[in-house]
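**Student:** Using only what follows, build the 3D model:
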Amino acid sequence: MTDTLDDLDVEGTTVGVRIDVNSPIGDDGMLADDARLRAHVDTLSELIERGGRVAVLAHQGRPGGDEFVSLESHADRLSELLSHPVDYVDATFSNAAREAVSALENGDCIVLENTRFYSEEYMEFEPERAARTHLVQGLAPVLDAYVNDAFAAAHRSQPSLVGFPTVLPGYAGRVMESELDTLGSIEETPEPRIYVLGGAKVPDSIDVAWSVLEKGLADHVLTAGVVGNVFLIADGVDLGDASSDFIYDQGYWDEIDRAADLLDAYGEQVALPRDVAVERDGQRHEIGVNALPPQDGEAAMDIGSSTLAYYERLLEDAGTVILNGPAGVFEDEAFETGTRELYNAATAVEMSIVGGGDTASALRQLGVDGFSHVSTGGGAALRMLTAEPLPAVTALENGPTQQQPADD
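**Tutor:** Below you'll find the predicted structure:
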């Protein structure tokens with residue numbers, strides 16, 4: 001059982017708070033989307049209002065990428081969202097960082113520099129080894145407690161996620177608490193239970209399909225997007241060179257064999273697209289599976305209307321639907337129909353759960369809402385939805401439980 005903010009004596013306590021604010025960055029180097037920052041407002045506001053001394057830890061981007069930038073603009077935006085001053089220091093565990101954290105007073109909040117600016121944070125360790133990294137050894141001495149609200153990163157075993165709760169009393173923030181409450185009891189949700197797996201993360205989706213079917217968590221798995229295209233090829237459908245080349249270029253060709261094995265084992269429970277939409281003469285054009293392959297150069301960009309009607313009929317009888325990944329290239333208005341209509345249909349189900357990441361972004365863009373729960377995490381949500389443990393959560397559960405008295 002994971003302790004939460006309800007178990008933390010906040011006033012006067014210096015708290016390291018790991019959040020996930022990894023966001024799109026514009027050409028000007030500034031935040032282009034603050035949705036992930038907004039998700040953590042409740043946790044940070046509560047800690048500030050209860051008199052905590054709050055030091056925020058987070059990452060942004062990947063080494064070498066265009067979005068690998070400092071967290072200064074994130075701190076500025078958090079100040080606006082919290083209606084409370086949030087300072088920023090361009091260090092994470094150096095003397096400058098420790099001095100800034102030690103100088104915090106009750107109700108103060110500071111954002112430390114991008115944890116991934118330090119190579120150890122981009123590596124994965126067992127918790128005991130993570131606790132010996134420079135990041136944890138340098139910063140932990142000026143912290144009294146650790147709060148993890150970064151559910152979206154909880155499937156990783158990096159120092160800021162598993163090292164701190166190994167040496168400090170650890171607590172789940174409000175985002176983490178909500179995610180664990182909802183996704184951690186997936187086997188208790190209403191039946192029949194349907195998983196809708198789309199998008200382009202083919203290996204992860206096939207892993208999920210195998211897991212939920214083997215464990216009896218899913219009555220049906222509906223496929224769409226690139227995932228659906230892989231399953232169609234595995235079923236012997238000729239999708240043409242454009243779609244096949246894309247799958248090959250993404251390194252997913254071997255996944256076709258895994259999809260074929262899954263169809264052999266659970267074919268009656270796996271639904272495949274019955275038609276696809278391509279671009280022809282600048283317009284959306286739908287082709288039945290039996291009429292494939294398409295013309296040269298045409299790629300399957302969305303599920304077609306027959307598939308949508310078929311999937312909607314299956315969803316009508318569902319008690320719970322879990323959705324991860326768009327049904328097509330929703331960024332193109334001509335091919336947003338499958339994603340928008342499929343997800344709209346899911347909102348009518350008793351329990352509708354959306355895996356985060358790209359899926360949540362798609363829904364915001366399309367203006368679709370009304371779900372029971374929209375997760376903040378993609379990979380982490382997939383692990384939870386297959387009843388797999390999350391390293392960051394395990395570290396919280398196994399770490400020290402006795403909070404040390406705060407210094408006056």
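**Student:** Could you list the domains of the protein?
**Tutor:** Listed domain ranges for the chain are 5-179+392-398, 191-349 (source: automatic domain parsing).
**Student:** which stretch of helix or strand covers the closest residue to A299 other than its chain neighbours?
**Tutor:** The shortest distance from A299 to any non-neighbouring residue, by CB to CB, 6 or more residues apart in numbering, is to A242 (3.8 Å). (Glycine included, C-beta is placed from N, CA and C.) If you go by DSSP states H and E, A242 is part of helix 241-249.
**Student:** Tell me what angle whichever helix or strand comes after that helix forms with helix 241-249.
**Tutor:** Tracing the chain past helix 241-249, the next element assigned as helix or strand by DSSP H and E is helix 255-266. Counting by axes from the mean of the first three to the mean of the last three CA atoms, to 10 degrees, helix 255-266 lies at 100 degrees to helix 241-249.
**Student:** any idea of the mean pLDDT for helix 255-266?
**Tutor:** Here helix 255-266 scores 98 as its mean pLDDT.
**Student:** Next, the residues that contact that helix from outside, please.
**Tutor:** With CB atoms under 8 Å, 6 or more residues apart in numbering as the test, helix 255-266 has contacts from 202-203, 206, 209-210, 213, 221, 230-231, 233-235, 247, 270.
**Student:** Let me know the next secondary structure element after it.
**Tutor:** That would be, after helix 255-266 and using DSSP H and E, strand 270-271.
**Student:** Walk me through which strands that following strand pairs with, and which way each runs.
**Tutor:** Note on strand 270-271: by DSSP bridges, its sheet partners are strand 220-223 (parallel).
**Student:** I'd like the average pLDDT over whatever helix or strand comes next after the partner strand.
**Tutor:** Counting by DSSP H and E, the next helix or strand C-terminal to strand 220-223 is helix 225-234. Average pLDDT, helix 225-234: 97.
**Student:** sorry, back to before: return the closest of the contacts of helix 255-266 with respect to I322.
**Tutor:** V221 (9.7 Å; CB to CB).
**Student:** which residues does that closest one contact?
**Tutor:** Contacts of V221 (CB under 8 Å, 6+ apart): 194-197, 209, 212-213, 266, 269-271.
**Student:** how about a markdown table for those, with distance to V21 and neighbour count added?
**Tutor:** Output for the contacts of V221, formatted as a markdown table (distance: CB to CB, whole Å; neighbours: other CB atoms under 10 Å):
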| residue | distance to V21 | neighbour count |
| --- | --- | --- |
| I194 | 32 | 24 |
| Y195 | 29 | 28 |
| V196 | 28 | 29 |
| L197 | 27 | 28 |
| A209 | 31 | 25 |
| V212 | 30 | 23 |
| L213 | 35 | 19 |
| Y266 | 38 | 17 |
| Q269 | 38 | 17 |
| V270 | 36 | 22 |
| A271 | 36 | 20 |
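**Student:** As a markdown table, those with distance to A277 would be great.
**Tutor:** Converted to a markdown table, these look like this (distance: CB to CB, whole Å):
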| residue | distance to A277 |
| --- | --- |
| I194 | 22 |
| Y195 | 22 |
| V196 | 17 |
| L197 | 18 |
| A209 | 23 |
| V212 | 27 |
| L213 | 27 |
| Y266 | 27 |
| Q269 | 25 |
| V270 | 21 |
| A271 | 17 |
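**Student:** which stretch among the domains of the chain comes nearest T386?
**Tutor:** Nearest to T386, of all the domains of the chain, is domain 191-349, at 3.9 Å by CB to CB.
**Student:** That closest one spans what distance, first to last residue?
**Tutor:** 11 Å (CA to CA, to the nearest Å).
**Student:** same thing with stretch 191-203?
**Tutor:** One end of stretch 191-203 to the other measures 26 Å (CA to CA).
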